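*Asks:* okay, predicted coordinates and the sequence, questions at the end:
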Amino acid sequence: MEKKQPFSKKGLEWNFTEPSVKWFEGAKLNITENCLDRHLESIGDRPAIIWEPNDPNEKVRTLTYKVLHKKVCEFAQVLRNNGVKKGDRVCIYMGMIPELVVAVLGCARIGAIHSVIFGGFSAQSIADRLYDAEAEFIITCDGAFRGAKDIPLKSIIDDALIGNRNVKRVIVHTRTRTPVSMIKGRDVWWRDEVEDVVESMSEEVLKVPAEEMDAEDPLFILYTSGSTGKPKGVVHTTAAICYGLLTLL
């Protein structure tokens, strides 16, 4: 994003009767610049993520701000190559791994709206959320480890997509090496897509610029557990989340 634009009115406008809540109206920004770009020169070599696996025999992974920025830009381009555009809805159904963060920030980088779905939900629960969010793209893993269990995420997604005509692409990250079925024309491997991007684009071109977002543009949709009978999606906007992050710093 070439330039940011500060908000022109109050930091918060709210009316709970209508209801209407607006944060930093008029501002232009992208949350990934706050999370990544602004740190590259000053603390780029410091850890941004230290990931410790559930299995003590598996290696700890450390991603610096520079490495995470690179991975996010690569995956942002993968998303674009697979037809994802600003405003599109992307479902993320993955285990707790660094690539989950890469997927979330990759969506935010290009202005796509993501919805992270808890890995313990059933195929029907996922189908309900996909329908409600009008999601056209899914990012998942072959499987995930939860304690001693191996959760077959891709197979659950396949079941959730029975009868679904909206989803155009499923991007699958390799985690557990669980055998999965890949539907030609719909399913692609994360690793293959990233390799294609890296091989076809120079390092300079791969610095995917952050899409300019309005303060009130949706950033993600977070669904309730569905205990009331039907899941309800709460839409979080870009500036509201930035404000929340700044209060934690």
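*Replies:* Noted; the coordinates are in hand.
*Asks:* list the residues that contact the residue nearest to the spatial centre of the chain.
*Replies:* Closest to where the C-alpha atoms of the chain average out (Cα atoms, centre = their mean) is Val104, at 2.0 Å. Counting by Cβ atoms under 8 Å, 6 or more residues apart in numbering, Val104 touches Ile92, His114, Val116, Phe220. From N, CA and C alone the C-beta is placed, and that goes for glycine too.
*Asks:* just the closest of these to Met182, please.
*Replies:* In terms of Cβ to Cβ, no member of the contacts of Val104 lies closer to Met182 than Ile92, at 18.5 Å.
*Asks:* which residues touch that closest one?
*Replies:* Ile92 touches Leu100, Ala103, Val104, Cys107, His114, Ser115, Val116, Ile117, Ile138, Ile139, Thr140, counting by Cβ under 8 Å, 6+ apart.
*Asks:* at 7 Å instead, please
*Replies:* Neighbouring residues of Ile92 by Cβ atoms under 7 Å, 6 or more residues apart in numbering: Leu100, Ala103, Val104, His114, Ser115, Val116, Ile117, Ile139.
*Asks:* name the helix or strand for it, please.
*Replies:* Element membership of Ile92 [criterion: DSSP states H and E] is strand 89-93.
*Asks:* may I ask you to name the longest helix in this structure?
*Replies:* The longest helix of the chain (DSSP state H) is helix 65-81.
*Asks:* quick one, that one and strand 89-93 angle?
*Replies:* Angle, helix 65-81 to strand 89-93, by axes from the mean of the first three to the mean of the last three Cα atoms, to 10 degrees: 120 degrees.
*Asks:* mind listing what the strand holding Ile92 pairs with, with the direction of each?
*Replies:* Sheet pairing here is set by DSSP bridges, and for strand 89-93 it gives strand 113-116 (parallel), strand 137-141 (parallel).
*Asks:* ok, back up a step: tell me the mean pLDDT over the longest helix of the chain?
*Replies:* Confidence for helix 65-81, expressed as mean pLDDT, is 96.
*Asks:* now tell me what touches it from outside.
*Replies:* By Cβ under 7 Å, 6+ apart, helix 65-81 touches 32, 36-37, 39-40, 43-46, 48-49, 102-103, 105-107, 109-110, 112, 193-194, 197-198, 201, 206-208.
*Asks:* recalculate using a threshold of 6 Å.
*Replies:* 36, 39, 44, 48, 102, 105-106, 109-110, 193-194, 197, 206-208 (Cβ atoms under 6 Å, 6 or more residues apart in numbering).
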